[in-house]
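Enquirer: just coords:
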């Protein structure tokens, strides 16, 4: 096997393991409050949507990421999603209830938007590692399916047992949002004049999201106790 092919395969595996983690986190966070039947469906369809979006964006990612404000807006939207995922879970519902169906649809829409925003970077990274080889590109997209499925299933189970990990997951998404913001073509020139700007901005966004999320959760908990 050609050395460049082997190198491309190894790079794609590493990229998928690193970047698919964000998709797994958002799926786990969005589905954690659903009954088991709906949670499994949300994980399956969330992973499926992530892959479908990567396929659809494969040929557009390189162009989109060069357009000013695309990553800036996308990063801010992803930060908002990270904050929304820190909101207290809905009351427990039974399978088949209209409330459960509504919560399931909300989870799917949250996953869809987050997947759309995060898929741009993933697609571009995999396409770069493939080096124009269509077979490697297909391999990279196909590999993301089991990684996202397994990762989101595992994370969802762990988060249900250890609720404090919700903050870790939201922090990962907020940091990803911050990295998208600083990589925006419009902001690149300004960041050179800001000391440690490429770290300070993602850190600031992450801290703001976590503090705001904690405030919302505590306010909701206090209101519930008083009621």
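Expert: Sure, I can see it. The model shown is predicted, which means the values in this text are computed figures rather than measured ones. Numbers count the residues shown, from 1 in each chain.
Enquirer: So which residues of the protein form helices?
Expert: 3-31, 36-57, 61-64, 70-84, 98-130, 134-161, 165-182, 188-191, 197-226 (DSSP state H).
Enquirer: List the residues that contact residue 161.
Expert: By CB atoms under 8 Å, 6 or more residues apart in numbering, no residues touch residue 161. From N, CA and C alone the C-beta is placed, and that goes for glycine too.
Enquirer: Tell me the spacing between it and residue 155.
Expert: 11 Å (CB to CB, to the nearest Å).
Enquirer: possible to save the helices of the chain as a markdown table with mean pLDDT?
Expert: Listed next are these as a markdown table, based on pLDDT from 0 to 100:
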| stretch | mean pLDDT |
| --- | --- |
| helix 3-31 | 76 |
| helix 36-57 | 82 |
| helix 61-64 | 67 |
| helix 70-84 | 86 |
| helix 98-130 | 77 |
| helix 134-161 | 80 |
| helix 165-182 | 86 |
| helix 188-191 | 69 |
| helix 197-226 | 85 |
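Enquirer: what about the residue nearest to residue 147 when sequence neighbours are not counted, distance to residue 108?
Expert: Residue nearest to residue 147 in three dimensions, not counting chain neighbours: residue 20, with 4.5 Å by CB to CB, 6 or more residues apart in numbering. To residue 108, residue 20 is 18 Å away according to CB to CB.
Enquirer: Between the two, which has more neighbouring residues?
Expert: A count of neighbours by other CB atoms under 10 Å puts residue 20 above the other of residue 20 and residue 108, at 27 against 19.
Enquirer: pretty sure that one contacts residue 149?
Expert: No: contact criterion CB atoms under 8 Å: residue 20 and residue 149 do not qualify, at 9.8 Å.
Enquirer: For the closest residue to residue 39 other than its chain neighbours, the count of nearby residues, please.
Expert: Nearest non-adjacent residue to residue 39, counting by CB to CB, 6+ apart: residue 31, 4.7 Å away. Residues lying near residue 31 (other CB under 10 Å) number 29.
Enquirer: Could you tell me how far residue 31 is located from residue 175?
Expert: From residue 31 to residue 175 the distance is 21 Å (CB to CB).
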